[in-house]
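Trainee: below: sequence and its predicted model.
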Amino acid sequence: MKRCNDVCCVCVGGEMFRSALGKTLGFVGYTIQYGCVAHCAFEYIGEFVACSGPSMEPTITSHNVVFSERLSRHLCRIENGDIVIAKSPFDPHMNICKRVIGLEGDKVCTSGPSDVFKTHQYVPKGHVWLEGDNLRNSTDSRSYGPVPYALIRGRVCLKLWPLHHVGALNQSPTGRVVRRSD
């Protein structure tokens, strides 16, 4: 009789183990599925970005949160005047937030706002010219040159935080965006 009880205890313990293992594997499976969905959403649809630094003031200030959509980049729909999130040409672990001033083939002014002599450069094929809205306090294409289109991560379409500034972003306050005549 005692032996039968021991066997039954082993069976009950085995069933509990199988049940716990099944629940754990089910949870891990759902976590992986949701993780894959989240990864695809952030990689191909868009992401929320917390901005820092003065280079885009007054349009975007430190601690603003913006939504950066990724579809425009994939569909080659980035245009002059768009604000983009791109990988830094100097540090691939850092993202930058800048305004597109010129696209490939455009002639852009490469001088600073206070330079007496103005210099110009053509944006090469497969590149864009990026500048911050705060020209006096921005490290941008005037420092590192044209940026490869492949470094663009997404186009900023909405400011989400602070709440009293929620909405679409303004046009360039500097007026330096190259307008195409085609």
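Mentor: Looks like it came in fine. Numbering: from 1, shown residues only.
Trainee: dihedrals phi and psi, Val84?
Mentor: When read as degrees, to the nearest 10, the backbone of Val84 gives phi -130, psi 160.
Trainee: just checking, it touches Arg155?
Mentor: Yes - the criterion here is CB atoms under 8 Å, and Val84 meets it with Arg155 at 5.5 Å. C-beta: built from backbone N, CA, C; applies to glycine.
Trainee: tell me, what's touching those two both at once?
Mentor: Shared contacts of Val84 and Arg155 (CB atoms under 8 Å, 6 or more residues apart in numbering): 68, 73, 78.
Trainee: where does the prediction get shaky in the chain?
Mentor: Applying pLDDT under 70 to the chain flags residues 1-14, 74, 76, 112-113, 170-182.
Trainee: tell me where it has helices.
Mentor: Here the chain has its helices, by DSSP state H, at 2-40, 71-74, 141-144.
Trainee: any idea which of those is most buried?
Mentor: The highest average neighbour count among the helices of the chain, using mean count of other CB atoms under 10 Å, belongs to helix 141-144 at a mean of 17.
Trainee: could I have the CA atoms of that helix written out in PDB?
Mentor: Provided in PDB are the C-alpha atoms of helix 141-144 (Å, rounded to 0.1, in the frame of the first residue of the first chain):
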ATOM      1  CA  SER A 141      26.400  68.800 -42.800                       C
ATOM      2  CA  ARG A 142      28.200  72.100 -42.700                       C
ATOM      3  CA  SER A 143      30.700  70.200 -40.500                       C
ATOM      4  CA  TYR A 144      30.600  66.600 -41.800                       C
END
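Trainee: what's that helix packed up against?
Mentor: Helix 141-144 sits against strand 127-131, with contacts defined as 3 or more CB pairs under 8 Å, 6 or more residues apart in numbering; DSSP states H and E.
Trainee: and the strand it packs on, what does it pack onto?
Mentor: Using 3+ CB pairs under 8 Å, 6+ apart, strand 127-131 sits against strand 83-87, strand 95-103, helix 141-144, strand 147-148.
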